[in-house]
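**Student:** Sequence first, predicted coordinates after that:
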Amino acid sequence: MAEMQLLLPLISISSFALLAVLSDAFTRKTKEITYYVSLIGLIVTSITAIYAMALPANTSALTNPLDSISKGMVVFGGYTYFFDILFCLSAFMTILASRDYLTKAYTEYKEYYSLILFSVSGMMMIAHAGNLVMIFIGIETMSIPFYILTGFIRNRYRSVESALKYFLLGSFATGFLLYGMAMIYGATGTTDLALIPLKFKELTFNPTYLSIGIGLIIIGLSFKVAAFPFHQWAPDVYEGAPTVITGFMSTAGKAAALVGFIIIARALVPNVYFAAYSSRTAQSVQLVIAIISAATMLIGNISALVQKNIKRMLAYSSIAHAGYLLMGIVANNQHGLNGILFYSAAYLFMQIGAFIIISVLENAKADNLDLDNYKGLYKTHPYLAAMLAMFMFSLAGIPPMGGFFGKYYLFAAAIESGFVWLTIVAVISSIISVYFYIGLVLNMYFKENDGEEFPDVKGAYIISLLIATVGILVIGIYPSILMDIITGLW
Amino acid sequence: MLETYLPLVIMLIVGFAVAIIFMVLSEWLGARRSTAEKKTTYESGMIPYKNARDRFSVKFYMVAVSFIVFDIEVVFLYPWAVQFSKLGLAAFIAMMSFIFILLVGYIYELKKGGFDWD
């Protein structure tokens, strides 16, 4: 039964998602019940994740996976629960901010909340995946609600357009991913991620199929994290989607795809065991991801420089952040993984915080999203302007904020594994990024308001913003709190 | 290593060659007698009577949703039912939770009026 306790977070989130659907079906007019069920579900799931994380049986349950209930399909371990908590936190902050936003756009339907819970359950499946098939199911369970949520404001032309675009391109990318998994099955004869390294050790695999499979999987996952050259969908989708959903997709969705990347990289590119051939493959895979990472951050930051729309600007900046996060996978060492975990947490707070502020200031027609509309914001909304400035400083990586230490750990890990050129590219591109982040701050503080009016602001979003602000400051000022937790996870 | 793929390559080449030869031969030897009937769109023997780019009733989607609920259920139930005694209790619990999840979908559809056809 020890395994049941470890499975609790997954059981909890799925049950609450079903409960949200049922509460939607059985209530006619009120929306409160579904809203509160989803919030309580996320809190309960986080608590069970913390509980399971603290269990002594945490990793020992893995000793003989085939005796377990899940037959090795699901793995447990510190980092999986860490991501569970991150996903729940992200969804929690999003849902709190969503209510007023959806009411403003006249589209508060109850399905919204259960869809968010379903996508969180998909993300958690990816984090717990012990099998390629499980990663695929998780990615689909996460993406399909995303497609729907993107087009959720169905009377807004852009929202529907971006949903269709996302759906077509996303399904296509999933095809690549699945084909890559099929190739890896063909090469090694198993989809179990714990058994694949053993096949490498015994040298019973087909190198040609393996290389093709790894290539296709990298394509599929690069699409999901919006990495160059598969990033073209991101600006359009992020601009068209409801603003709160953009925040959710670009943090939790990206983190989930990165977990998939971590899991697959750990199984397929283990450079410990092997004969000359595989270690050469490992190196070339590492180089490919390094090039993707470098190109992603340069393209993201340079394209963000010329954007007029704030959502597009943040979309390009989120592409660049995917590039930074990929550095941790390139580094392929413990510090790199720690850096990814740390940066995912910091990125979650700053990105969701920024998008929530934008969603609050957005008017009903969503036509005040240009950078120029933010001129003189500090006079009308001093607190929101201060927080938005803080998130921008954090995204730019300026020291007292969480974003700085996240970048620091990732860059240090990349240098440690010998990728000095990649770190130089990363530093240059983050200097480029300072220009547009500070540009927004300049607009808010040093330009006069030219008659721009923002809607009245009140509501539960303030709790989300407080979580984000406190989170960023705490991990920025005392990074060792979070880092100690992360290093204790492995 | 690569020699094992030789039959596959030969098959591919022969396949392409046969397809190309047949196309060229039919183009070269075939007679061309065009009639008005031949120029119409082929729609499984039916005469197309309007443009295909049209709105359809949302009911079609409801049928599709119901189809998923019931059809997928049956697809998974059959193999389980055949091997029921061998698979034992664990499979029974797994199947029941699967059916329960589908039941939630069914209740949702029922309550949202998915079965009110008019």
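**Tutor:** Yep, that arrived.

**Student:** Touching, A:T188 and A:L210? I think so.
**Tutor:** Yes. A:T188 is in contact with A:L210 according to CB atoms under 8 Å; the separation is 7.1 Å. (C-beta placed from N, C-alpha, C; glycine too.)

**Student:** what's around the nearest residue to A:F355 once chain neighbours are set aside, how many residues?
**Tutor:** Leaving aside its chain neighbours, A:F355 sits nearest to A:G247 (3.0 Å; criterion: CB to CB, 6 or more residues apart in numbering or on different chains). By other CB atoms under 10 Å in any protein chain shown, 32 other residues sit near A:G247.

**Student:** for A:G247, helix, strand, or coil?
**Tutor:** The assignment at A:G247 comes out as helix when based on DSSP: H, G, I helix; E, B strand; the rest coil.

**Student:** Would you map the helices across the stretch 251-400 of chain A?
**Tutor:** Applying DSSP state H, counting those that start in this stretch to the stretch 251-400 of chain A gives helices spanning A:254-268, A:276-305, A:310-331, A:334-361, A:377-380, A:382-396.

**Student:** Residue of chain A closest to chain B, please.
**Tutor:** In chain A, the residue that lies nearest chain B is A:A25 (3.7 Å; CB to the nearest CB).

**Student:** Next, the contact list for that residue, please.
**Tutor:** A:A25 makes contact with B:107-108, B:110-112, according to CB atoms under 8 Å, 6 or more residues apart in numbering or on different chains.

**Student:** Recalculate using a threshold of 7 Å.
**Tutor:** Residues counted as contacts of A:A25 (CB atoms under 7 Å, 6 or more residues apart in numbering or on different chains) are B:107-108, B:111-112.

**Student:** what's the pLDDT at the closest residue in space to it that isn't next to it in sequence?
**Tutor:** Spatially, and ignoring its direct neighbours in sequence, A:A25 is nearest to B:K111 (3.7 Å; CB to CB, 6+ apart). Note for B:K111: predicted pLDDT of 86.

**Student:** quick one: which of the contacts of A:A25 is nearest chain A?
**Tutor:** B:K111 (3.7 Å).

**Student:** that older thread, tell me which element the residue of chain A closest to chain B is part of?
**Tutor:** Element membership for A:A25, per DSSP states H and E: helix A:2-26.

**Student:** Pull out the buried residues from that helix.
**Tutor:** By 16 or more other CB atoms under 10 Å in any protein chain shown, the buried positions in helix A:2-26 come out as A:3, A:5-10, A:12-25.

**Student:** again with stretch A:174-193
**Tutor:** Buried residues in stretch A:174-193, defined by neighbour count with 16+ other CB under 10 Å: A:174, A:176-181, A:183-185, A:187-188, A:190-193.

**Student:** That one vs chain B: in contact?
**Tutor:** No. Remark: stretch A:174-193 sits outside contact range of chain B, by CB under 7 Å from any CB of the partner chain, the gap being at least 13.3 Å.

**Student:** now for the least confident helix or strand in chain B by mean pLDDT, which elements pack on it?
**Tutor:** In chain B, the helix or strand scored least confidently by mean pLDDT, DSSP states H and E is helix B:59-82, which has a mean of 83. With contacts taken as 3 or more CB pairs under 7 Å, 6 or more residues apart in numbering or on different chains; DSSP states H and E, helix B:59-82 sits against helix B:84-111.

**Student:** Give the other helices and strands that the helix it packs on contacts.
**Tutor:** Using 3+ CB pairs under 7 Å, 6+ apart, helix B:84-111 sits against helix A:2-26, helix B:59-82.

**Student:** quick check: angle from the last one to helix B:84-111?
**Tutor:** Meaning helix B:59-82. Using axes from the mean of the first three to the mean of the last three CA atoms, to 10 degrees, the direction of helix B:59-82 lies 160 degrees away from that of helix B:84-111.

**Student:** which residues sit against helix B:59-82?
**Tutor:** Under the contact criterion CB under 7 Å, 6+ apart, helix B:59-82 has outside partners B:87, B:91, B:95, B:98-99, B:102, B:105-106, B:109, B:114, B:117.

**Student:** Just give me the closest of those residues to A:A295.
**Tutor:** Distance to A:A295 across those (CB to CB) is lowest for B:G105, with 42.8 Å.

**Student:** for the residue nearest to A:M249 when sequence neighbours are not counted, what are its contacts?
**Tutor:** Closest residue in space to A:M249, ignoring its immediate chain neighbours: A:F146 at 5.8 Å, by CB to CB, 6+ apart. Counting by CB under 7 Å, 6+ apart, A:F146 touches A:119, A:249, A:253.

**Student:** ok so, going back, please identify the one among the helices and strands packed on helix B:84-111 that comes closest to A:D370.
**Tutor:** Nearest to A:D370, of all those, is helix A:2-26, at 35.9 Å by CB to CB.

**Student:** tilt between that closest one and helix B:84-111?
**Tutor:** For helix A:2-26 against helix B:84-111, the angle by the same axes, to 10 degrees is 30 degrees.

**Student:** How is chain B divided into domains?
**Tutor:** Listed domain ranges for chain B are B:1-32, B:59-111 (source: automatic domain parsing).

**Student:** So which of those is the most surrounded?
**Tutor:** Mean neighbour count (mean count of other CB atoms under 10 Å in any protein chain shown) peaks for domain B:59-111 among the domains of chain B, with a mean of 13.
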